[in-house]
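**Q** have a look; sequence and predicted model below, questions after that.
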There are 2 protein chains.
Amino acid sequence: MAGHRVKGDSNGMTARSADGGRKKRPTLADVARRAGVNPSTVSRALDGRHPFSRSASAERIRGIAQEIGYTPDPSAASLRRQSTRTVGVIVPRLTDTVMAMLYEEIAAACQEQGLLALVATTGDDPAAERDSGRLLLERRVDAMILTTARLDGQGEFIGTLAEQQVPYALAMRTDGRGPAAVGDDRLGGHLATRHLIDLGHTRIAVVAGPSHASSALGRTAGFREAMAEAGVDVDDDLVRPSGFSMESGEEIATQLLARTDPPTAVLCVNDNTAIGVMAAARRRGLRIPEDLSLVGYNDTPIAARLPVALTSVRVPFRDIAQGAVALVQQAIDGKPPQTLTYAPTLIPRSSATRLT
Amino acid sequence: MAGHRVKGDSNGMTARSADGGRKKRPTLADVARRAGVNPSTVSRALDGRHPFSRSASAERIRGIAQEIGYTPDPSAASLRRQSTRTVGVIVPRLTDTVMAMLYEEIAAACQEQGLLALVATTGDDPAAERDSGRLLLERRVDAMILTTARLDGQGEFIGTLAEQQVPYALAMRTDGRGPAAVGDDRLGGHLATRHLIDLGHTRIAVVAGPSHASSALGRTAGFREAMAEAGVDVDDDLVRPSGFSMESGEEIATQLLARTDPPTAVLCVNDNTAIGVMAAARRRGLRIPEDLSLVGYNDTPIAARLPVALTSVRVPFRDIAQGAVALVQQAIDGKPPQTLTYAPTLIPRSSATRLT
DNA sequence: GCATAGTGTGCATACGATTGCACGAACGAA
DNA sequence: TTCGTTCGTGCAATCGTATGCACACTATGC
């Protein structure tokens, strides 16, 4: 320990602190003294929910607080209030731009509500999810937002949350049970497919993503829906489950393009896999979009900036984030679960073109 | 309010809680009761720094704690301890993969030290930086890690930190004053340049990044150093300041490639700008690497997966993150500032080739 | 004029953990 | 035996805020 106390814990340490000269932060009591009132009065003056806070003397007290730079100590407040005004957010990884965008919006939405978002990443590992979830709970978050929901019942951690009655909401993906804020993946898949059909494509492959992700399933369902509507037969061999990574897209595309009857267009579950497909196409000497049309999903910033700008489906991350935060509030208030769905938009660019 | 109390604040509420059935978390006192000891004893049994925690009865107490699922309340602990075991991290944006990678490593390094990392983003806006910095301070973080240091004295917020004696450290970039953990940018720039020179290039352009970023300056300095060492003249017209974005890279490259004497290779301050250069090259009908060699920086995951895999300089983010956390600890302990530098590695791929 | 409601304020307590001090016991050394 | 240590443990104070209750006072309605 660097600096040692002069006379133990209960010494009469005044304004000047022991070492370092870093002066103590002002407390409610300091403000109260300055204002000549009781600390409780100051507390109420600063508490917007309290009617007194709309009075003239409350205004004066706030002035004093501001003046001496008082800000309430969140630890003390949380302790007394038994709530931290904090929500834990679990994402697979922040290096996935989609998750980073979503998280930034969630953090912003939380801040609007006076909440603080705490992130934890799982790297797609259910064990890590449990651990970081536990960590967040130890930090006494009031609620949690998960972007890792699965349809295959592997979401053990969500079960734990439900059991322990921790308020939570899902974002981007749903498990079909809990409250969730998601994009309309079926619509997105439909729009993208319809776009390719309009361009004359009928042999369309799908890099479909993992079957445990509702987003992937929804997009594929939208694809089938659009194909059926247009009366185009689907070759099931061209609809391939995959991961969400570039590697996975490259791998699937390598197989697809090696066929004797390759597709003329590929619909990808996200932009990442689309980039992988681009790499595979290039390796095979195929040009995009002349030899192969390509549509991504999420409209990550890179989509527009790739050498061949990627046609993609824009997802309203901000709306989803705000929805998730609203759902979490509702869960805290004990309201029943609900699913919020937000419509995506197709952003046509250069990577998909008319079949010649 | 959903559920109301039965008899006010001081009622004798026992195990079963008022509403919702969400049972109260166990406290130190609960563990103490079960173990038949004083709460302070339990506290010490759980405190690894305390010698008693290595005794048999401490072990027994920990067993009981585990059994009833006790975890200490961080609010109460922080309040008493006057420290939150939390460090605030300020990054421009998480949607920049570099920052996301760095942050993930910082968060991991913090966790290893029993600290919790809180992120805030600034969007490169100094005003936003002040605001989110303030927000973190209001949350009573013990220290801060900044990745937004500038050399041009615009880092007003850092000044505030220094004034208020808040422990902090810089990561990735330095302002030349505070404690910092950075990559050896000069070396990285040198390696990349040397690689191009070895491939026969002499007309090398540089997308140099913003002059307020020490990383950008260092990389450019390394370039000049390598050129000088090899006895190759530098055409200053080819060394262009830029941003860090794809757009910026594209813009600069568009200018460079329109020259009558275009460069045969481009060295980029990061992978983002390199991608922008790719787009510009493509628009001009130039192939990479046949017509233009390209080197990026940071080795973000996408570099290896681009249609033409990007040669890049790998930065040891983990080391930098751990260094930054170590520096922050030292700052907390009142030790003097220090700069830690970590060596990068060149990762050759397909985007740079021998000049024919 | 009196009951009722509302407003402004103070008092005291509780939230849950940490830690300085004190004290008893055990133990080794002289 | 006696003194000095070390170890194990308890007591009590403290961190800073929120809030139930009590009380004084004002305003309103009848």
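**A** Thanks, I have the structure now. These figures come from a predicted structure and were not determined experimentally.
**Q** break chain A down into its domains, please.
**A** Split into domains by automatic domain parsing, chain A comes to A:28-72, A:84-183+A:317-344, A:185-314.
**Q** adding mean pLDDT, mean neighbour count and distance to DNA strand D, write those domains out as JSON lines.
**A** All C-beta spots, glycine's among them, are computed from the backbone N, C-alpha and C. Listed next are these as JSON lines, based on pLDDT from 0 to 100; neighbours: other CB atoms under 10 Å in any protein chain shown; distance: least, CB to the nearest atom of the strand, whole Å:
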{"stretch": "domain A:28-72", "mean pLDDT": "91", "mean neighbour count": "15", "distance to DNA strand D": "3"}
{"stretch": "domain A:84-183+A:317-344", "mean pLDDT": "94", "mean neighbour count": "20", "distance to DNA strand D": "9"}
{"stretch": "domain A:185-314", "mean pLDDT": "96", "mean neighbour count": "21", "distance to DNA strand D": "38"}
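**Q** at contact distance from chain B, anything in the helix or strand where A:Ala303 lies?
**A** Assigned by DSSP states H and E, A:Ala303 falls within helix A:301-305. Yes - using CB under 8 Å from any CB of the partner chain, helix A:301-305 reaches chain B at A:301-302, A:305.
**Q** hmm, who's touching the helix or strand harbouring A:Gln329?
**A** Following DSSP H and E, one finds A:Gln329 within helix A:317-332. Residues outside helix A:317-332 that contact it (CB atoms under 8 Å, 6 or more residues apart in numbering or on different chains) are A:87, A:101-102, A:105-106, A:108-110, A:112-113, A:115, A:142-145, A:167-172, A:179-183, A:337-338, A:340, A:342.
**Q** mind redoing it with 6 Å?
**A** Residues outside helix A:317-332 that contact it (CB atoms under 6 Å, 6 or more residues apart in numbering or on different chains) are A:87, A:101-102, A:105-106, A:109-110, A:143, A:145, A:167, A:169, A:171, A:179, A:181, A:340, A:342.
**Q** next SSE after that helix?
**A** Next element after helix A:317-332 (DSSP H and E): strand A:339-342.
**Q** elements contacting that following strand?
**A** Applying 3 or more CB pairs under 6 Å, 6 or more residues apart in numbering or on different chains; DSSP states H and E, one finds that strand A:339-342 contacts strand A:180-183, helix A:317-332.
**Q** list the contacts of it.
**A** The contact list for strand A:339-342 (CB under 6 Å, 6+ apart) reads A:180-184, A:316, A:319-320, A:323.
**Q** farthest-apart pair in those residues, please.
**A** A:Ala180 and A:Pro316 (14.6 Å; CB to CB).
**Q** quick check: A:Val295 touching A:Ala192?
**A** Yes - checked against CB atoms under 6 Å, the pair A:Val295 and A:Ala192 is within contact range at 4.6 Å.
**Q** element containing A:Ser248?
**A** Using DSSP H and E, A:Ser248 maps to helix A:246-257.
**Q** now find how far off-centre the following helix or strand past that helix is within its chain.
**A** Downstream of helix A:246-257, the first helix or strand assigned by DSSP H and E is strand A:265-268. Distance of strand A:265-268 from its chain centroid, counting by CA atoms, centre = their mean, to the nearest Å, is 25 Å.
**Q** please identify the pairing partners of strand A:265-268 and their relative orientation?
**A** With DSSP bridges as the test, strand A:265-268 is paired with strand A:204-207 (parallel), strand A:293-295 (parallel).
**Q** output stretch A:80-89 as CSV, restricted to C-alpha atoms.
**A** What follows is stretch A:80-89, C-alpha atoms only, in CSV (Å, rounded to 0.1, in the frame of the first residue of the first chain):
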residue,chain,number,x,y,z
ARG,A,80,-29.7,1.7,-0.7
ARG,A,81,-32.0,1.4,-3.7
GLN,A,82,-31.2,-2.2,-4.3
SER,A,83,-30.8,-1.7,-8.0
THR,A,84,-27.8,-0.7,-10.0
ARG,A,85,-29.5,1.0,-13.0
THR,A,86,-27.3,-1.3,-15.1
VAL,A,87,-28.1,-3.8,-17.8
GLY,A,88,-25.8,-6.6,-18.9
VAL,A,89,-25.4,-7.2,-22.6
